[in-house]
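**Student:** Need the 3D shape of this:
(one chain, ligands or ions: 1)
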Amino acid sequence: MQTSGSAAVRVRGLRKRYGNPRTGFKDAVAGLDLDVAHGEIVAVLGPNGAGKTTTVEILEGFRTRDDGDVAVLGEDPGEAGRAWRARIGVVMQDSRDLSELTVIEKVRSTAAAYPRSRDPEEVIAAVGLGEKSKARTRGLSGGQRRRLDVALGIVGRPELLFLDEPTTGFDPEARRSFWDLVTGLRDDGTTILLTTHYLDEAAQLADRVLVVRDGVVVAEGTPESLGGPAARTPVVAWDDGGVRRTERTDRPTAAVARLIAAAGPDAEVPGLSVTRPTLEDVYLSLIGETPAHDTATATTHDKEAA
Ligand SMILES: Nc1ncnc2c1ncn2[C@@H]1O[C@H](COP(=O)(O)OP(=O)(O)OP(=O)(O)O)[C@@H](O)[C@H]1O
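**Tutor:** Numbers count the residues shown, from 1 in each chain. Presented below is the predicted three-dimensional model:
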């Protein structure tokens, strides 16, 4: 079944417009390109309303598109049938309908719909719901429901798994064990397309990160390289007579040595810090928000001005 050699997901020029002549139209997705290789974990980041869910739901075959070429496991999701659907797993943003069924009943009934499903008990244990196996699904907490969503998404042993903000509502411990679970799925050969608002989640899991803004991809790269080397230049900061000064330099040691020499022997440089922009800082600057440490900066000057 594996379409080795071709990409698991290939999207070119995807467009989706919402609205009507009375209320006006809005391009939610405005010419988006996206590739996911087999076995890769790709995280799609972007602010609220950027078009992430619209894109993912088009790839899942749940929404129509207005334009563009889309191939998911070699097929057009708008036309693919049941055999294709059995090869993908979906964890959508909104929890599914909950009922009088217990967790194990729900996972078993979903597993029965797939030809190569995983063992339901093992999946329930893997998402940390072992103790809730016999509990009714409608009595679960928000975080437990989300774990059930994840269990239902992976029990069919999908080749390609879509995770739309999968850890919303998880406590930090549950998030960490979820990361282990996703890493294990990748090690099993599962391809994963993930949307998330958690930058640490993207940094932890993704081989590649895409930043979407206003319906297009504005940057992509590994979590370490996103934004290019210039975006990761360290920042030396210090207080200078009540004014916060900063210097972006790839030679922070030299900058600190200069400050120490200027302060004189045994003197402290007030408020001295050296920070390297994190993935979150780079992301915020890509989407047009100012990273946290820059907002605390009254004055910025470069090497020449220092
Ligand atoms: N069914 C719909 N009808 C009309 N407009 C919609 C519909 N779904 C989404 N939109 C609009 O399209 C844009 C993109 O929405 P989308 O849900 O794809 O963004 P997102 O990046 O997933 O956001 P979030 O991070 O909040 O989930 C938004 O302006 C949204 O209001």
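**Student:** which residues touch A151?
**Tutor:** By C-beta atoms under 8 Å, 6 or more residues apart in numbering, A151 lies in contact with 103, 107, 123-124, 126-127, 129. C-betas here are computed from N, CA, C, even on glycine.
**Student:** please redo it, this time with the cut-off set to 7 Å
**Tutor:** Counting by C-beta atoms under 7 Å, 6 or more residues apart in numbering, A151 makes contact with 107, 123-124, 127, 129.
**Student:** Kindly reformat these as JSON lines containing secondary structure and distance to H38.
**Tutor:** JSON lines is the format used below for the contacts of A151 (DSSP: H, G, I helix; E, B strand; the rest coil; distance: C-beta to C-beta, whole Å):
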{"residue": "V107", "secondary structure": "helix", "distance to H38": "26"}
{"residue": "V123", "secondary structure": "helix", "distance to H38": "22"}
{"residue": "I124", "secondary structure": "helix", "distance to H38": "28"}
{"residue": "V127", "secondary structure": "coil", "distance to H38": "24"}
{"residue": "L129", "secondary structure": "coil", "distance to H38": "29"}
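**Student:** Of the residues you listed, keep whichever come out buried.
**Tutor:** 107, 123-124, 127, 129 (16 or more other C-beta atoms under 10 Å).
**Student:** Show me the helices in the stretch 101-250 of the chain, by range?
**Tutor:** In the stretch 101-250 of the chain, the helices defined using DSSP state H, counting those that start in this stretch lie at 103-111, 120-126, 142-154, 172-187, 199-205.
**Student:** highest average neighbour count across those helices?
**Tutor:** Comparing these on average neighbours per residue, with mean count of other C-beta atoms under 10 Å, the densest one is helix 142-154 at a mean of 22.
**Student:** Check the offset of that one from the chain's centre.
**Tutor:** Averaged C-alpha coordinates place helix 142-154 at 17 Å from its chain's average position (C-alpha atoms, centre = their mean, to the nearest Å).
**Student:** pLDDT score assigned to the residue of the chain most remote from its centre?
**Tutor:** Most distant residue from the mean C-alpha position of the chain: P265, 47.9 Å away (C-alpha atoms, centre = their mean). pLDDT for P265: 82.
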